[in-house]
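[1] sequence first, then the predicted structure, then my questions.
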Amino acid sequence: FIKGGEMMFRQIARKTGIILLVLLIFSPINTAPKRGVNAQGSGDELITGGYDFSLIQLEDGSLWSWGANVYGQLGLGDDENRLHPVKLNTKLDNKTMAKMLAGDQNVFALTNDGKAYVWGGGVRGFSTYSQPTKLDAGFKVKDIAWTGVIQDINHHYSYAIVDGEGKVYVFGSSYHGTRGRGLSGHGSAEKCSETYTVSLSDIKPVLISATHEVCSHSEHHKKVKDGKELTNVKLISGAANARYYVAVTENNDVYTWGQGHSLTAHKNPNIDVITGDIQKIVATKDKIYALTSEKEVWEWEGREGRPTKLDISDVKDVVGYDQTVLVLKENGMVYGKGKNDYGQLGNGLDANISSLTYLGINDIKAVGLGYRHSLFIENNGKVFGMGWNSYRQLANANDGVLEEFTKISTISGVDHIAANAYTSYAVKDNQ
């Protein structure tokens with residue numbers, strides 16, 4: 001159940017005066033999508049999508065995309081929209097993706113051999129690429145992340161890459177300090193620069209400092225001070241629908257930078273209260289959550305917030321988007337907290353749930369969370385959803401809000417789900 005090119009479909013509907021119901025039949029695709037877990041929001045590193053397009057990688061390594069393509073975000077070498085999946089015929093054919101992240105109209109991808117690629121456009125300060133184009137970082141890339149607000153008309157997106165030593169480099173907009181250089185402005189890939197058109201061949205990713213490097217707002221943008229390098233990063237996450245990063249080092253130190261945190265990577269001095277090794281970090285709009293090796297979830301707010309252990313144990317997974325969080329226990333019970341303004345946490349609950357609450361849902365093996373909608377797979381392979389359905393992201397004829405735990409009646413035998421802002425995906429067993 002996939003919302004393909006929403007903007008494109010609405011334009012067609014306005015011109016023709018009719019409502020289109022599109023059924024995408026994947027007849028040319030006969031290999032199962034690869035699976036993974038995405039640190040930002042919830043979903044799959046190899047099933048992703050932006051505001052109005054989708055991208056998947058199959059087990060044979062091929063990439064397929066469909067939806068809107070105004071900025072070349074489908075990676076097909078043109079700007080024509082696609083109503084059905086089309087295979088990307090690029091130099092990436094002989095490579096496999098380790099991770100793919102989608103912004104509103106662009107893709108940031110990491111191959112298994114440590115190369116980072118970008119395509120699409122709509123990013124302030126950068127050229128548009130209609131085919132996957134390699135970022136010449138000068139080193140093997142270990143991990144990638146991105147952060148930004150969905151449907152940002154000013155296109156303030158930021159991208160991060162991690163090298164083999166765990167050093168973090170960032171390029172893109174420095175709006176609210178997402179480039180961690182003591183500068184809050186539009187920025188580009190150049191240090192302390194506000195040039196608004198930069199090609200990939202000119203990009204010089206900026207090394208994140210763990211202390212201070214200040215760029216003044218004077219005419220010359222003078223660099224004042226170099227800071228100590230941030231190293232040994234094992235986990236990095238860009239906040240879902242916000243503008244800041246969280247990085248966790250091998251010894252469990254936590255650094256944040258960006259909107260509401262710091263203009264440089266700032267170490268939280270209170271993290272030592274956390275017991276166990278941090279194995280997953282989830283950054284929402286207002287809070288940060290850490291899942292540990294003790295199967296516990298810790299929560300804190302801001303750059304120096306003191307972590308508090310949530311009243312739950314034996315946790316299997318935690319996912320977050322915007323200001324909503326879902327926590328799944330090993331026994332299949334689901335808990336939630338945060339925003340419930342569209343019923344994404346269920347009927348009968350307040351619009352804002354301040355403490356972790358059992359949602360009355362059990363026998364669940366996986367959860368997914370988009371912007372104002374939630375997804376669940378029962379142990380029997382049936383899929384359910386709740387929340388906002390205006391874009392049919394819950395595959396229901398009712399285009400309003402589904403406040404009750406509602407079965408997606410068209411599919412069964414599902415072993416994996418993924419969600420982004422306005423789209424939902426399901427992968428059936430061995431398909």
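    Thanks, I have it.
[2] please make it C-alpha for all contacts and neighbour counts, starting now.
    Will do.
[3] endpoints of stretch 352-368, how far apart?
    19 Å (Cα to Cα, to the nearest Å).
[4] contacts for it, please.
    Here stretch 352-368 makes contact (Cα atoms under 8 Å, 6 or more residues apart in numbering) with 42-43, 310-311, 319, 326, 328, 331-341, 345-346, 374-379, 416-419.
[5] least trustworthy helix or strand in the protein by mean pLDDT?
    strand 197-198 (a mean of 32; mean pLDDT, DSSP states H and E).
[6] who is residue 298 paired with across the strands?
    Taking DSSP bridges as the rule, residue 298 bridges to residue 290, residue 309.
[7] what sits against residue 144?
    Neighbours of residue 144 in contact, by Cα under 8 Å, 6+ apart: 99, 108-110, 159-162, 236.
[8] the contacts of stretch 352-368 in strands, which ones?
    319, 326, 328, 334-339, 374-378, 416-419 (DSSP state E).
[9] residue 376 against residue 370, yeah?
    No: at 11.8 Å, residue 376 does not count as touching residue 370 under the criterion of Cα atoms under 8 Å.
[10] most residues in a single strand of this structure, which one?
    The chain, longest strand under DSSP E: strand 352-361.
[11] partners of that one in the sheet?
    Partner strands and pairing direction for strand 352-361 (DSSP bridges) are strand 334-339 (antiparallel).
[12] residues making contact with the partner strand?
    Applying Cα under 8 Å, 6+ apart, the set of residues contacting strand 334-339 is 323-328, 345, 351-362, 364.
[13] let me know the angle separating that strand from strand 373-378.
    180 degrees (axes from the mean of the first three to the mean of the last three Cα atoms, to 10 degrees).
[14] for the stretch 151-300 of the chain, give me the ranges with low pLDDT.
    For the stretch 151-300 of the chain, the stretches with pLDDT under 70 are 151-156, 172-229, 260-263.
[15] ranges for the strands of it?
    Using DSSP state E, counting those that start in this stretch, the strands found in the stretch 151-300 of the chain span residues 158-163, 168-172, 197-198, 206-207, 233-238, 244-249, 254-258, 262-267, 278-283, 288-292, 297-300.
[16] show me what the last one is packed against.
    The one in question is strand 297-300. On a contact count with 3 or more Cα pairs under 8 Å, 6 or more residues apart in numbering; DSSP states H and E, strand 297-300 meets strand 288-292, strand 308-309.
[17] redo those as TSV? Include mean neighbour count and distance to residue 137.
    Listed next are these as TSV, based on neighbours: other Cα atoms under 10 Å; distance: least, Cα to Cα, whole Å:
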stretch	mean neighbour count	distance to residue 137
strand 288-292	22	29
strand 308-309	16	38
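[18] which non-adjacent residue is nearest residue 401?
    residue 388 (4.7 Å; Cα to Cα, 6 or more residues apart in numbering).
[19] surely the one you found touches residue 341?
    No: Residue 388 lies out of contact with residue 341 (Cα under 8 Å); the separation is 9.2 Å.
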